[in-house]
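A.B. asks: got a sequence here, can you build the structure:
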Amino acid sequence: MLDATKRVLELYDNDEFEIFVINGKNGYGKTSYANRIIAEVYAHRDTQKWGGNGKTANWNLKLFKSHLGFHPAHVIKQWLKMKHRDYVYHWDDAGSWLNALDYQDRFVKSVGKYLQTARSDWACIIFSAIGKEDIVNKIRSFKSCVVIDITKEGSRPSSPYPSQRHLRTAKAYHYWSDRLGKTGTENDWEEPFDSHVPGIYEKDRNGKVVETEGFYGWYKPLRDRYNRMNKKKTWNDLLKDKDIVESKEWVSI
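C.D. replies: Okay, here's the model as predicted:
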C-alpha cells in the first residue's frame, strides 16, 4: 500500500482534511499516482459499495467516474451530490482551470473558499498539474497542503519487467512557517510506484500498443476530449481579440 494511501485513510479516520498537489512533467505518472491512491483506498474501504477485495487496487470504472473529474462543471456537480463524508477526490489537470494566472477569476476564488469547509465532504482532494506553480496560490498555500513531485528516478525503460519499466518516484513535502516569520519545507514521504495500470492492451492499425479495455480504455478518449475542449476554449478566447483575428496576415503563414 502506498504511503499516500495510508495518509488518506488516516485523514478520514481522524476527521481531518488535506490537499494533495501532484506535479511532474507530461507523461511522468501524475494521473497514475493519484488514481492509484483512489484504487487502493477503495480496495480497503467501502468494499461492499465499490467491489474492492480488501487486498489489491480497485480499478472499478464506476468508482472513478464518481471520484475523478476534469471539467469544472463536472467536478462541482459531483461535489454538490455529496451527502456524507467520503475519502478522496481527484481533480485531474486542475492547472487548466485553477491556474495561477486566473487568480482574480470568480470561479477560482470560489473553489479556494470551498476548501475552507471541504472537510465535511472529503478527507482529501487531489489536484494534479504540470507544475505546482500552475495552481493558484490560494490552494498551494493552504495550511493543510501536501506537494508531491513525480519523477522517473529508478525507472528502467529497457527492462523486460513492466514493473521496472514504469517505475516512478513520488516525493511528498509541505511548507511551514512559524510565528517569527521563518519558513521552510518538511518531507512527508518518498516512495516508488508502478505507473502501469492493469488492462487489456492490443496493437492498433498503426502498430501502437493501446488499451482496449480497463481504466485507460475509458480514460484515454476522455483525456483526448478534454484536450479538444481546451483547444476550443483557446480559440474562443482568441476570437475576443478582433485586431488579431481580423488580420489576414496569419492566413498566408
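
A.B. asks: can you pull out the strands in the stretch 51-200 of the chain?
C.D. replies: Assigned by DSSP state E, counting those that start in this stretch, the stretch 51-200 of the chain shows strands spanning 68-69, 86-91, 122-129, 145-151, 167-177, 183-194, 199-203.

A.B. asks: tell me which of those is the most buried.
C.D. replies: strand 122-129 (a mean of 26; mean count of other C-beta atoms under 10 Å). Where C-beta positions appear, they are placed from N, C-alpha and C, glycine not excepted.

A.B. asks: hang on, the earlier thing: possible to save the strands of the stretch 51-200 of the chain as a markdown table with mean pLDDT and distance to residue 46?
C.D. replies: What follows is the strands of the stretch 51-200 of the chain, written out as a markdown table (pLDDT from 0 to 100; distance: least, C-beta to C-beta, whole Å):
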| stretch | mean pLDDT | distance to residue 46 |
| --- | --- | --- |
| strand 68-69 | 93 | 16 |
| strand 86-91 | 96 | 8 |
| strand 122-129 | 96 | 12 |
| strand 145-151 | 94 | 23 |
| strand 167-177 | 90 | 24 |
| strand 183-194 | 89 | 22 |
| strand 199-203 | 56 | 23 |
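
A.B. asks: where does the stretch 1-150 of the chain have low pLDDT?
C.D. replies: Of all residues in the stretch 1-150 of the chain, none has pLDDT under 70.

A.B. asks: try it again with 80
C.D. replies: 55 (pLDDT under 80).

A.B. asks: on that earlier part again, so for residue 44, which of the strands of the stretch 51-200 of the chain sits nearest?
C.D. replies: When the strands of the stretch 51-200 of the chain are compared by C-beta to C-beta, strand 86-91 sits nearest residue 44, at 9.9 Å.
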